[in-house]
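Undergrad: Give me the fold of what follows.
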Amino acid sequence: MRNIYIVGFMGTGKTTIAKILANKLSKKFVEMDLVIEQEEGKKVKDIFAEYGETYFRKLEKQLLDKLSSQTDLVVSCGGGLVCNEKNLKILKESGYLFSLYACPSSIFERVKNSNQRPLLNVKNPLEKISQLLRARNPYYEKAGLRVNTDKLSAQEAADYILNLLENG
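TA: Predicted structure coming up:
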């Protein structure tokens with residue numbers, strides 16, 4: 001089976017939903033950020049702090065190249081991965097692509113207590129979320145079938161995606 005890629009902004013439920021899908025489909029779950037952390041021996045926030053976003057995006061691209069040559073994976077992708085047209089092309093060619101989204105206030109509520117979000121280490125995180133969403137939404141909209149997670153539980157969102165996979 002082709003890979004299943006779950007993309008979207010932080011706090012939209014990518015990891016949780018991807019885990020549920022992998023379990024239900026008996027596929028291997030891959031969390032891209034976690035793999036990068038393991039390979040680098042550092043947390044994503046520390047990679048950003050020490051080397052910057054450009055370096056992190058390079059690591060993401062290298063990992064995507066590896067994953068896209070495999071099959072039967074359910075992959076939770078980093079929030080900015082699809083903001084690169086080459087990455088988006090690879091994702092679409094090697095798997096089924098689902099783009100999760102939620103409104104800025106929902107995202108803020110989900111991530112406000114996390115100190116693991118390097119892009120939100122700013123004075124006004126809600127404003128930063130809105131700003132980043134405006135910049136990234138055109139990419140998320142091109143990424144694939146969109147799933148609004150504002151009012152869905154992770155289980156409901158996973159069931160919706162499973163239905164789409166089974167019924168087209």
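Undergrad: max-length helix in this protein?
TA: For the chain, the helix that runs over the most residues, judged by DSSP state H, is helix 125-143.
Undergrad: residues making contact with that helix?
TA: 7-9, 79-80, 82-83, 88, 91, 97, 99, 101, 104-105, 107-108, 111-112, 117, 119-120, 122, 146 (Cβ atoms under 8 Å, 6 or more residues apart in numbering). Placement of C-beta: from N, CA and C, glycine included.
Undergrad: Low-confidence bits of the chain, can you list those?
TA: 116, 118-119, 168 (pLDDT under 70).
Undergrad: in it, which spans are helices?
TA: 14-25, 32-40, 44-51, 53-67, 85-94, 104-111, 125-143, 154-167.
Undergrad: right, so of those, which gets closest to residue 3?
TA: Closest to residue 3 of those is helix 85-94 (Cβ to Cβ; 5.7 Å).
Undergrad: between that closest one and helix 53-67, how many degrees?
TA: Put simply, helix 85-94 runs at 20 degrees to helix 53-67, going by axes from the mean of the first three to the mean of the last three Cα atoms, to 10 degrees.
Undergrad: Which positions in helix 85-94 come out as buried?
TA: For helix 85-94, the neighbour count (16 or more other Cβ atoms under 10 Å) marks 87, 88, 90, 91, 94 as buried.
Undergrad: for the fourth one, what are its contacts?
TA: Contact analysis of residue 91 by Cβ under 8 Å, 6+ apart lists 5, 7, 64, 68, 77, 81, 82, 97, 143, 144.
Undergrad: ok, the second one touching residue 99?
TA: Yes - with contact defined as Cβ atoms under 8 Å, residue 7 and residue 99 form a contacting pair (5.2 Å).
Undergrad: list the residues that contact both of these two?
TA: Each of 82, 140, 143, 144 lies in contact with both residue 7 and residue 99 under the rule Cβ under 8 Å, 6+ apart.
Undergrad: which among the residues you listed end up buried?
TA: Buried subset of the shared contacts of residue 7 and residue 99 (neighbour count, 16+ other Cβ under 10 Å): 82, 140, 143, 144.
Undergrad: Distance to residue 32 added to those residues, as JSON lines?
TA: Output for those, formatted as JSON lines (distance: Cβ to Cβ, whole Å):
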{"residue": "82", "distance to residue 32": "12"}
{"residue": "140", "distance to residue 32": "16"}
{"residue": "143", "distance to residue 32": "15"}
{"residue": "144", "distance to residue 32": "16"}
